[in-house]
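Chemist: Quick one: sequence and predicted model below, then my questions.
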Amino acid sequence: MMPRTSRQDPAHNGNVNSVEVISAREVPLGGVRGMPVKRTIPHKKRSFIGAWCFADHYGPSDVSHTGGMHVAPHPHTGLQTVSWLFTGEIEHRDSLGTHAYVRPGQLNLMTAGAGIAHSEVSTKSTTLLHGVQLWVALPEVSRDAAPNFEHYEPGVVALAGGELRVFLGALAGDTSPIETFTPLLGAELTIAPESTIALRVDPEFEHGVLIDHGAVTVQGTPANRYELAYVSPGHRHLTIATGDGPARVLILGGTPFGEKIIMWWNFVGRSTEEIHAYRKQWQAEIGDGVFDGDHQFGPVVGYLGRSIPAPAMPTTPLLPRG
C-alpha cells in the first residue's frame with residue numbers, strides 16, 4: 001500500500017508535507033510455517049529511519065496456536081539487532097557464548113559487526129508473545145566492529161498523560177547508557193485516553209512512530225495499529241495524541257543514514273560479491289563434517305538442533321537500498 005501523506009505540521013520549519021503513514025505487510029518469521037509478523041521497514045518507499053533499517057512487529061500471539069518463536073542459529077553481518085518485548089520471554093544464545101533472556105521492558109542489543117550467529121526461542125513459560133525485532137545498519141567506518149552483546153533495563157519516565165521508557169538515545173530528560181554507532185533514538189511510550197504528549201526532539205533527526213495498539217495522531221496525522229508514521233527532519237517537537245482509548249507506540253529516530261546498503265537474508269553489506277562471500281562462509285561453517293577454517297560467525301553453544309542454511313542467491317545483482 002502507498003504511504004498516506006499528512007497536511008503540513010505547523011511546528012515544522014519547512015513548507016512541505018512531512019508525515020507519511022506506512023502500512024505493515026505480513027510475513028512469516030523463520031520460514032513459510034513461521035510465526036506471522038508485521039513488517040513496516042524496509043518499505044518500497046522508505047528504507048531507513050535514521051540507521052533503523054528493519055522493523056518486525058509480532059503478536060500478541062497465543063503460543064499454543066502459533067508455536068511461538070523458534071529461530072535456529074543464523075548469521076548476521078554489518079548490523080545491530082534490537083529486541084524489545086511487551087509480553088512473553090525469549091531465550092537468546094549467540095556465538096560469543098552469551099546466554100540471556102529478553103523480557104518486557106528490557107533491551108537486548110546484539111552487534112553483529114564482522115559476523116555473529118545467534119538463536120531466538122520463546123520459553124516454555126510463555127503463553128502470549130508480543131514485541132518487536134529491529135535492525136540498525138552500521139555505518140561504513142564501523143560495520144566490521146567486534147561483535148558484542150548488551151542488556152539494559154530503562155527506568156520509567158512519568159509524563160502528563162503517559163509513561164516513557166528510553167532504551168536508546170535521549171528523550172524527555174532521560175538518556176540510555178548504551179552507545180550507538182550513529183545518533184539514534186529508541187523509546188516506548190504509553191499514552192492515556194484523550195491525551196496529547198509533545199516531546200522535544202532533535203530537529204536533525206527523522207522519526208518513526210510505530211503503533212502497537214490504539215489509534216493516535218502524529219503531528220495531526222491519524223495512524224492506526226500496526227502502522228508506522230514517518231516524520232521528516234526539521235521538527236523540534238513530536239506531538240502524539242490519543243482519542244477515547246489508550247495507546248502504546250515505539251518511537252524510533254536518528255539522523256538520516258546517508259549511505260547505501262545491500263540487505264539480503266540476514267546480511268547487511270555493500271556489494272553483491274560481499275554478500276556471496278558471507279553466504280559461502282556461513283554454508284562452510286554449518287556444513288557436514290568438521291570445519292577447519294577460520295570462523296567468521298562461530299557456533300551457537302547450547303542450542304540443540306541444526307543451524308539455518310542460507311537460501312540460494314538470486315542470479316541477478318542485488319540492488320542497494322538508500
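Modeler: That came through, no problem.

Chemist: Please make it C-alpha for all contacts and neighbour counts, starting now.
Modeler: OK.

Chemist: what about the longest helix in this protein?
Modeler: Ranked by residue count, the top helix of the chain under DSSP state H comes out as helix 272-286.

Chemist: Which strands and helices lie in contact with that helix?
Modeler: If you count contacts as 3 or more CA pairs under 8 Å, 6 or more residues apart in numbering; DSSP states H and E, helix 272-286 packs onto strand 267-269.

Chemist: and with 10 Å instead?
Modeler: Packing partners of helix 272-286 (3 or more CA pairs under 10 Å, 6 or more residues apart in numbering; DSSP states H and E): strand 70-76, strand 262-264, strand 267-269.

Chemist: Quick one, which of these gets closest to Phe167.
Modeler: Phe167 lies closest to strand 70-76 among those, at 21.9 Å (CA to CA).

Chemist: could I get the next helix-or-strand element following the closest one in CSV with only the CA atoms?
Modeler: Once the chain leaves strand 70-76, the next helix or strand it forms, by DSSP states H and E, is strand 79-87. The C-alpha trace of strand 79-87 is given here as CSV (Å, rounded to 0.1, in the frame of the first residue of the first chain):
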residue,chain,number,x,y,z
LEU,A,79,24.1,-4.5,11.7
GLN,A,80,22.8,-4.5,15.3
THR,A,81,19.7,-6.4,16.4
VAL,A,82,17.4,-4.7,18.9
SER,A,83,14.9,-6.9,20.8
TRP,A,84,12.1,-5.3,22.8
LEU,A,85,9.2,-7.2,24.3
PHE,A,86,5.7,-6.2,25.6
THR,A,87,4.8,-9.7,26.9
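
Chemist: Let me see the mean pLDDT of strand 79-87.
Modeler: The average pLDDT for strand 79-87 rounds to 98.

Chemist: Pairing partners for the following helix or strand past that strand, with directions?
Modeler: Once the chain leaves strand 79-87, the next helix or strand it forms, by DSSP H and E, is strand 90-94. Sheet pairing of strand 90-94 (DSSP bridges) gives strand 99-102 (antiparallel), strand 116-122 (antiparallel).

Chemist: Return the most buried member of these.
Modeler: strand 116-122 (a mean of 23; mean count of other CA atoms under 10 Å).

Chemist: Three-state assignment for the residue nearest to the spatial centre of the chain, please.
Modeler: In the chain, the residue lying closest to the centroid (CA atoms, centre = their mean) is Leu134, at 1.1 Å. State at Leu134, reduced to three classes by DSSP: H, G, I helix; E, B strand; the rest coil: strand.

Chemist: if I look at it, how far off is Pro246?
Modeler: Between Leu134 and Pro246 the computed distance is 24 Å (CA to CA, to the nearest Å).

Chemist: Asp294 too?
Modeler: Computed as CA to CA, the Asp294 to Pro246 distance reads 52 Å.

Chemist: between those two, who's got more neighbours?
Modeler: Pro246 (19 against 9; other CA atoms under 10 Å).

Chemist: who touches the more buried one in this structure?
Modeler: Contact analysis of Pro246 by CA atoms under 10 Å, 6 or more residues apart in numbering lists 161-162, 190-195, 213-216.

Chemist: quick one: low-confidence ranges for the stretch 201-322 of the chain?
Modeler: Counting by pLDDT under 70, the ranges of the stretch 201-322 of the chain that qualify are 289.
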